[in-house]
Every structure is written in structure tokens, then in C-alpha cells.
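1. One predicted model, sequence on top.
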Amino acid sequence: MIFIIDDDMVMARCVARACEKAGFSSRIFGDAILAMEALSEGLPEMIFLDVMLTGPDGFTFLNEMISYSDTMKIPVVIISSLEFREEDLREYGVVGVLDKSKMTPEDVKGYAEKYARR
Amino acid sequence: MDSGGFDGILVAAHELKGPLATLRQLALSFDEMDAEGERIRGEMVEVSERAIRQVNDLAKVRRLEDGLFEMEPVAVKSVCDEVSRELSYLFRENGRELSVCYKCRNGLVVANRELLHSVVYNFLLNAMHYAGEGTEARLTVREVRDKVRVDIRDFGPALPMGIWREMKRGFIERPKAIAMRPGSSGLGLFIASRFSRYMNANVGAVRHRDGTSFYVELLKSKQASLFDDFYN
């Protein structure tokens, strides 16, 4: 299972479609609070996370993730229009950064294949 | 332009980036299509990428003040190759030719690669718009004493004196429509002049009877002379 957290539902569905086409199941969350609640029901294998969210932002979510032993190792891929460097975010469990204006469905598939199970 | 007005533009630019990125992603999400579908998909991606680039350039204008763009030795040829490759599709689709000519041995200059890319991109896009259908735009790179000059020649309507004077001064204060070039907002020239100033490069324009050349002159990198010694 892959979690996709993005308040732009159209973009989130594009990411979900790319996962689905590659044979991965996913769940979409429009904000960080809904995603945090879902974490207590079951852990995903990986997360695609937007940073600028409505309500608590992506960094609040990442801080929450690294504060629990069961979620701290879940790989997170940032998808954002802002510029981030992966090496600056590694301590948050970030394994990749995708620029929304440059990424392709193949990039999404690549991360899903690396970190999730079909 | 006052800073308040410009800040408004920047906010708008940032707001636009999200939907443009989503549009591009939607186009990429289609399943395999027939040739016509693939062509339309390609155009959607290309148009949204061009819009994203313009929005990004606008955002960069404000970031210039923070001095975040490092200057380094940059190979002009590789930047020009990259930009002409990016824009070749647009030239082809609009029935324009694009020719590229390198007349210098070593084109290593002091610049910021990202900003130089935007300067060449904006000049070339400008030339594409104003080169008449069936005509060409020419990108030429050559050495002028201690500088490397990138020259972009179009065969469109003449450049008005006012804009030519501002270009001669090397700095465009604010974007302004170019009367004799319908559809022009002057935004590309404004961005190119700002980025060039940041890189201590000269920008200018030459009026021809049958069009205009816009150019940027960049200081040769001292590392280039090391290469010269090596090859001599």
C-alpha cells in the first residue's frame, strides 16, 4: 500500500494512476491529519508527500512520522513545486524528491517499484 | 514597477505553477494513443512546460536580490545546445527554421548556468515569435575580445527605438509591450536583461532593416585560457 498526501486532488490522482498502472495499490489523503489518522490503522510501504498542504504542512507530518518507532522508517518521497534537496531531508526519512513541474509517471513508478510491494 | 506590484506578480506566478504542473501531469497520464493523440499530448506537455519555465523565471527575478545564484565557469555551447533542443519542437510546429552556429574555439564563460539558460531561452523564444513564417532565426556564438557573444537574429518587424535604447543601456526597467511586435509583452526581454545584469553580462540589440539581433556578451572564464594553453 502506498499513501499519497496532496491537497491537489487532480495531481494526487495522477500519482495514484501511475502507481495503479504499475500494479501498486494506493490511498489518497487531502491533508496531513487524515493521513496521520490512517497511519494508526495500518502502515503503508511508502508515502508520496506534498509539502504545501492545507492545514499542517508536510514538515509537520514528517516530524510526526520520525517521532514514532513504527513510522520512522517508512520511506517518503517529496512531491513539490518548491525546490528541495534530498540530502537536506534525509533525517526525515525522505528517500527522494520529485519536482511536480518536471516529474513523469515513470519517476513515480520507479520509486514505487523500489519501496513498495505489488 | 514598484515592489508591491512586483510582489503581486510573484505571488501570481507561484500560484500558477501548481495548476500548470498538474496540467502537464494530466497530459502525461493518458494511456497510449494513436499518432494524432500522441501529437496532442506532446503539445500539451510542451505548452505547459513552457508556461512553467516562464513562471519560474519570474520567481527567479525576485530571488536575484538574495544573490542565491552562484557564478561559475559555464560552457556556452552546451547551454545553447540544450535550449535549441528544447525549442526545436516549437520552431518546427510554427513553420520556422532554427540555425545554430558556433564560431569560437572555447566558450567557457563566467555565468550562472540556470540564468544563462533563461536568457538564451527568452531571446530565442522572442525570435521564434517574430521570425515570419518560413523564415529562420539564427543563434550564433562567437568570441569578441575577452568576451563570448551569443547573438540571436530574427527576421521579424523592426525593434522600436525606445526598446532599442533601453537594450543599448543594458537594462529594461519593467516589462512593456513592443508596439511593432504584436502580442509581445516584453516580459522575455525584461527577464533576460535582469538575469544578464546579475551575471555582469552585457545585453543589447542591433536593429537591421529586416529584423533584429539580440545579444548577450559574457566574460570568458579564466579557466578557458588554461584550456587554451593545454591545447596549444
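-> Noted; the coordinates are in hand.

2. Residues of chain B that sit close to chain A?
-> Contact residues, chain B versus chain A (C-beta under 8 Å from any C-beta of the partner chain): B:14, B:17-18, B:20-22, B:24-26, B:28-29, B:49, B:52, B:56. The C-beta positions use only the backbone N, C-alpha and C, and glycine is treated the same way.

3. Any of those buried? List them.
-> For the residues of chain B next to chain A, a burial check counting by 16 or more other C-beta atoms under 10 Å in any protein chain shown picks out B:14, B:17-18, B:20-22, B:24-26, B:28-29, B:49, B:52, B:56.

4. Turn the residues of chain B next to chain A into a markdown table, columns for pLDDT.
-> Below are the residues of chain B next to chain A laid out as a markdown table (pLDDT from 0 to 100):
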| residue | pLDDT |
| --- | --- |
| B:His14 | 77 |
| B:Lys17 | 88 |
| B:Gly18 | 88 |
| B:Leu20 | 93 |
| B:Ala21 | 94 |
| B:Thr22 | 93 |
| B:Arg24 | 94 |
| B:Gln25 | 93 |
| B:Leu26 | 93 |
| B:Leu28 | 92 |
| B:Ser29 | 89 |
| B:Glu49 | 90 |
| B:Ile52 | 92 |
| B:Asn56 | 89 |
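
5. Check the residues you listed and tell me the two furthest apart.
-> Within the residues of chain B next to chain A, two members stand farthest from each other by C-beta to C-beta: B:His14 and B:Ser29, at 23.7 Å.

6. wait, what's in contact with the closest residue to B:Gly211 other than its chain neighbours?
-> Nearest non-adjacent residue to B:Gly211, counting by C-beta to C-beta, 6 or more residues apart in numbering or on different chains: B:Phe155, 4.1 Å away. For B:Phe155, the contact set (C-beta atoms under 8 Å, 6 or more residues apart in numbering or on different chains) comprises B:Ala131, B:Gly132, B:Thr135, B:Glu136, B:Ala137, B:Asp210, B:Gly211.

7. Top of those residues by number of neighbours, please.
-> B:Ala137 (27 neighbours; other C-beta atoms under 10 Å in any protein chain shown).

8. Report the separation between that one and chain A.
-> Separation of B:Ala137 from chain A (C-beta to the nearest C-beta, to the nearest Å): 26 Å.

9. Need the residue in chain A that's farthest from the chain's center.
-> Computed with C-alpha atoms, centre = their mean, the residue of chain A farthest from its C-alpha average is A:Ser69, at 18.2 Å.

10. Contact partners for it?
-> A:Ser69 neighbours (C-beta under 8 Å, 6+ apart): none.

11. What separation do you get for it and A:Ile33?
-> For A:Ser69, the distance to A:Ile33 equals 21 Å [C-beta to C-beta, to the nearest Å].

12. Could you look up the next helix or strand downstream of the helix or strand encompassing B:Ala137?
-> When elements are assigned from DSSP states H and E, B:Ala137 belongs to strand B:136-144. From strand B:136-144 onward toward the C-terminus, using DSSP H and E, the following helix or strand is strand B:147-154.

13. Flag the shaky bits of chain B, pLDDT-wise.
-> Along chain B, segments meeting pLDDT under 70 span B:1-6, B:106, B:170-185, B:224-232.

14. What segments of it are helices?
-> Remark: helices assigned in chain B by DSSP state H are B:3-29, B:35-63, B:76-93, B:113-130, B:161-169, B:187-198, B:222-231.

15. quick one, the second one and helix B:76-93 angle?
-> The one in question is helix B:35-63. 130 degrees (axes from the mean of the first three to the mean of the last three C-alpha atoms, to 10 degrees).

16. Pull out the buried positions in helix B:35-63.
-> Residues B:41, B:44-46, B:48-58, B:60-61 are the ones in helix B:35-63 that count as buried (16+ other C-beta under 10 Å).

17. repeat for the fourth one
-> Going by neighbour count (16+ other C-beta under 10 Å), the buried part of helix B:113-130 is B:113, B:115-130.

18. could you give the angle of it to helix B:76-93?
-> 30 degrees.

19. Which neighbouring elements make contact with helix B:113-130?
-> Packing partners of helix B:113-130 (3 or more C-beta pairs under 8 Å, 6 or more residues apart in numbering or on different chains; DSSP states H and E): helix B:35-63, strand B:72-75, helix B:76-93, strand B:136-144, strand B:147-154, helix B:187-198, strand B:211-219.

20. let's go with 7 Å and repeat that
-> helix B:76-93, strand B:136-144, strand B:147-154, helix B:187-198, strand B:211-219 (3 or more C-beta pairs under 7 Å, 6 or more residues apart in numbering or on different chains; DSSP states H and E).

21. now swap in the second one and tell me
-> Contacts of helix B:35-63 with other secondary structure elements, assessed using 3+ C-beta pairs under 7 Å, 6+ apart, are made with helix B:3-29, helix B:187-198.
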